[in-house]
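Enquirer: Okay, here's the prediction I keep looking at, along with the sequence it came from:
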There are 2 protein chains.
Amino acid sequence: MWWFWMFTSLCWLYPGVADGGNVLVFPVDGSHWINMKVLIEELHSHGHQVSVVRSSDSWYIKETSPFYTTITLDMASGFDEDFLTAFVTELLNIQRGERSIWKRIKLEMEQIQAGFEMNEKSVEMIEMIMENKELIQSFQDAQYDLVLTDPVMPIGAIIAHYLKVPLVFNVRWTSHGEGHFAIAPSPLSYCPVVGSELTDKMSFSERVLNVFLFSFIQFQLSYFIEPSFDGLVKKYLGPEMNYLSMFQAADLWLMRVDFVFEFPRPTMPNVIYMGGFQCKPAKPLPEHLEEFMQSSGEHGVIIMSLGTLIGELPHELSVEIASAFAKLPQKVIWRYKGERPATLGNNTLLVEWMPQNDLLGHPKTRAFVAHGGTNGVQEAMYHGVPIVGLPLIFDQRDNLLRIEVRGAGKIMDVFTINEGIFYEGVQAVLTEPSYRENMQRLSRLHRDKPIAPLDNALFWIEFVMRHKGAAHLRTQSYRMPWYSYHSVDVMLFLAAVVLTVMVTIFISLKCLCSVCLKKKTKND
Amino acid sequence: MWWFWMFTSLCWLYPGVADGGNVLVFPVDGSHWINMKVLIEELHSHGHQVSVVRSSDSWYIKETSPFYTTITLDMASGFDEDFLTAFVTELLNIQRGERSIWKRIKLEMEQIQAGFEMNEKSVEMIEMIMENKELIQSFQDAQYDLVLTDPVMPIGAIIAHYLKVPLVFNVRWTSHGEGHFAIAPSPLSYCPVVGSELTDKMSFSERVLNVFLFSFIQFQLSYFIEPSFDGLVKKYLGPEMNYLSMFQAADLWLMRVDFVFEFPRPTMPNVIYMGGFQCKPAKPLPEHLEEFMQSSGEHGVIIMSLGTLIGELPHELSVEIASAFAKLPQKVIWRYKGERPATLGNNTLLVEWMPQNDLLGHPKTRAFVAHGGTNGVQEAMYHGVPIVGLPLIFDQRDNLLRIEVRGAGKIMDVFTINEGIFYEGVQAVLTEPSYRENMQRLSRLHRDKPIAPLDNALFWIEFVMRHKGAAHLRTQSYRMPWYSYHSVDVMLFLAAVVLTVMVTIFISLKCLCSVCLKKKTKND
């Protein structure tokens, strides 16, 4: 009966229940919600209970959903889409119009001001939530197994540590820049700061720029961001925690990139790469779109979308783009708001909304004209469609740069393009086979994984629930003061030892010499 | 017919043939071969052709095998098991006998001497192979898809780079110490140097020791090891390669640890963790062993093995251990060579060989008395059996330390134990439930992976074959001189700029002051 013994004795191997976990989600509103929703729907389909905290003014995060229940707070989300849309429109108008340097500076100052205001709102939100005893009690009563949050906003991390519940990030950015910079060693010689528009191959002057920009971010952090939050962190989480270590103490970082897209760099055991987790095979198109695609014949179709933040393009820019498209033998589907450009060709279909993933996965699609948002770029990579990039703000140029340096796309300057330049750019991507071949190579690398990114993400979320955290994957680094972490104290100690030894030897020799000399003088 | 279009258009997604790859293996002889063989058998079962390079004097690597073909070279393997066995026996005799410090120093010097000789043999081997035009031509003709090697010896890496064939390491050690130290940033504040017997939580004095030991290894490398190989590397691979960058340029590092066993630390995108890849569920035991196990009743069985390197234990030590075992209610299976100790109890079975994995996986097994070799420790962890450690040389104490600090085992000093001390140590591990519970917790964490370690290793080996390398996972760091990598040049430049600006301001102010003063004096 040894098998009976074996069966009963090996029960300890059962790692505990993961189904039916109880997950609290603190999302970031706006486009970040789009990818958080993918994780939430997957959690729901795995039988987990998901509660989402939302602001009463949230437009993206619906109050009712079959996938999650909501905890609606009577406060502003801090996400102001109207401001961003107005900013982009104004930026385009200035840069394509009079190019007034003063107006540009004024606009940028407004954006910085908006950043500060967002920070203030975030501080207010933390105080409002943490001081709401009833709410905190309800969080405690709910006995969550996990807090899932996007660390662009710190509130989720604060709540998780306060409740002593395992913490998982759905992350690409923190206040410290690209997520890795907050957790992994990041040699500035080949890890470009995002916003620098640099790659992992840098010349000397580019490395100087990278160090300079990094120092600037650190300066901003130390003098503006950390001081606003550090007090709150210490108040609610204890004096040994600070704004940075609070992030570093997360159990898992589900990073929204992979190393086909991102430049290879040092990483950490608790960073799980789920880049492209939102990508999926194309579904069949609605009949009218499928007909339009097929009507393109051997030339195929170009897809164009500049994302949700662009309200209307300046009319003269639309005219230039439309007339460039009109000269192409391809057909074009253009996600477009605003007045119809007079130069629009018969080959171009304007739509208010498009099933972007299904269009990108269609075999007739030849190129994607895009602004460079992470979702669109990853979808194009997944489907192997080369990109003509028209970046505007945020990380868009950096995202597109990662495609361009691999020869899978071309970045154009939206502030200076005209019909001719745009036509030539699109033509190049369409006719030089290397663009398509390179993007298809990236796609093959990206898809060739032992486990699909979304399944991997879910596995690790459930792992954290099963084992009540993942402390064994977290390094000791975040418990150390910076001088210990960098062994500065050890170096100073060793230098002091060497110095003491040298001084002792020097003094001894000097004494010896003077004694000898004295003796000699005496003898003389 | 859009689906037909889709089918024909998506052929580029097929990532190419991985079955039937042609793999060249440069193994390291001795115990390292045991785990390389696991990979080779798995490669064979996946339909790949494996050629193994062996020395004519190799005892471990058989000339004929159903799993691989051999390329036998008429040269010494550089692996001298007899020397190691004699070393361990002598070490035990000295330390348990007269404890003569001079004999110990003499013995250690002999070991260092043996290390230098092994280096010399390795240099000779490289020259002999690289100058054997016929052999090199045969390598070239074979058109290998991959070179798989253990980087303890550099010859495999040299051949791979010379043939321009993708290179995969089955690795835990390089000349630079633990494998990570050669490729990933390794802050000495929480990454202990192996041999230091330190953990990732270090006091100030321990951090000083760690920096000191690291510097010592670097000194050895710079003055003894690198100079012997650098010339050869440059001669055969070109002037831009050196001994370190040759390793760093490998496509993939299949690391024989995971972060349940190893302390969490920074890592790299091209490091794949396959710790425990050799572990498998227990098979039923031979009848006489199963009967012996069952006869132990509720008390269970202790398994003892000190690995292959120990010929015979000093007789008095065997007597102490045997009489300690005799006092236990448990039964004992002891892998033992040499004279039968007179104190041996009826409960103890001496065997010359044992099916270690099957015994460790048996539900009656209560503890494992082991020397701390990687294989045994990982097997015990896999099966959740707590360890009583008797480390002797190499990494054994460090391996056991990783178990001890997690509360899953106890290290004893083999040089000083006697019956009483050993009995108490074993008793503690048997009776304090925390040892077993902690090891079972480690086992649960270790087994809970999205893909089994061996399958993962095979996936990535085949990935490298499919895509002809994994350059996209390799950082730019290995192409940089150390001063660029650490941004020393940038720092010096920035310091120079700051200094120049300050000096300019100072001189300007001085001139201004003197002009003002002169004017004032004139006016006065």
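Expert: Structure received.
Enquirer: The closest residue to chain B within the stretch 301-450 of chain A: neighbouring residues, count only.
Expert: For the stretch 301-450 of chain A, the residue closest to chain B is A:P363, as judged by CB to the nearest CB, at 3.3 Å. Bear in mind the C-beta positions are built from the backbone N, C-alpha and C, glycine included. A:P363 has 19 neighbouring residues, counting by other CB atoms under 10 Å in any protein chain shown.
Enquirer: again, but for the one 10 residues further on
Expert: As a burial measure, the neighbour count of A:G373 was computed by other CB under 10 Å and equals 23.
Enquirer: mind listing what the residue nearest to the spatial centre of chain A touches?
Expert: Most central in chain A under CA atoms, centre = their mean is A:R172, positioned 2.3 Å from the mean C-alpha point. Counting by CB atoms under 8 Å, 6 or more residues apart in numbering or on different chains, A:R172 makes contact with A:E178, A:G179, A:M255, A:R256, A:V257, A:T374.
Enquirer: Quick one: buried ones out of those?
Expert: The neighbour count (16 or more other CB atoms under 10 Å in any protein chain shown) marks A:E178, A:G179, A:M255, A:R256, A:V257, A:T374 as buried among these.
Enquirer: On the three-state scheme, A:W334 is what?
Expert: strand (DSSP: H, G, I helix; E, B strand; the rest coil).
Enquirer: what's the distance between the residue nearest to the centre of chain A and A:V52?
Expert: Here the criterion is CB to CB, to the nearest Å. By it, A:R172 lies 20 Å from A:V52.
Enquirer: how about the residues of the stretch 351-500 of chain A that lie near chain B?
Expert: Contact residues (CB under 8 Å from any CB of the partner chain) of the stretch 351-500 of chain A with chain B: A:362-364, A:384, A:440, A:443-445, A:447-448, A:450-451, A:455-456, A:459-460, A:463, A:466-467, A:472-477, A:480, A:484-487, A:489-491, A:493-494.
Enquirer: again with the stretch 201-350 of chain A
Expert: Contacts of the stretch 201-350 of chain A with chain B, taken as CB under 8 Å from any CB, map to A:201, A:204, A:207-208, A:211-212, A:259-260, A:263-270, A:284, A:290, A:293-294.
Enquirer: any idea whether A:L349 is helix, strand or coil?
Expert: Look at A:L349: counting by three-state DSSP, its state is strand.
Enquirer: phi, psi of the residue of the stretch 101-250 of chain A found nearest chain B?
Expert: Ranked by CB to the nearest CB, the top residue of the stretch 101-250 of chain A for proximity to chain B is A:P185, at 3.8 Å. Main-chain torsions, A:P185, degrees, to the nearest 10: phi -60, psi 140.
Enquirer: who's in contact with it?
Expert: A:P185 neighbours (CB under 8 Å, 6+ apart): A:P266, B:P185, B:P187, B:P266.
Enquirer: so where is the stretch 151-300 of chain A shaky, pLDDT-wise?
Expert: Along the stretch 151-300 of chain A, no part satisfies pLDDT under 70.
Enquirer: any idea where the helices of it begin and end?
Expert: Using DSSP state H, counting those that start in this stretch, the helices of the stretch 151-300 of chain A run over residues A:155-163, A:180-183, A:204-220, A:226-237, A:243-248, A:287-294.
Enquirer: Need the buried ones from the residues of the stretch 351-500 of chain A next to chain B selected in PyMOL.
Expert: To isolate the buried members of those in PyMOL, using 16+ other CB under 10 Å:
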select buried, chain A and resi 362+363+364+384+440+443+444+445+447+448+456+459+460+463+466+467+472+473+474+475+476+477+480+484+485+487+489+490+493
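Enquirer: quick one: A:H46 and A:A457 touch, right?
Expert: No. With contact defined as CB atoms under 8 Å, A:H46 does not reach A:A457; the gap is 11.1 Å.
Enquirer: neighbour count winner among these two?
Expert: Counting neighbours by other CB under 10 Å for A:H46 and for A:A457 shows that A:A457 has the greater number, 25 against 15.
Enquirer: Where does that one fall, secondary structure wise?
Expert: helix A:453-467 (DSSP states H and E).
Enquirer: same for that helix, what does it pack against?
Expert: With contacts taken as 3 or more CB pairs under 8 Å, 6 or more residues apart in numbering or on different chains; DSSP states H and E, helix A:453-467 sits against helix A:31-45, strand A:146-149, strand A:167-171, strand A:252-255, strand A:271-273.
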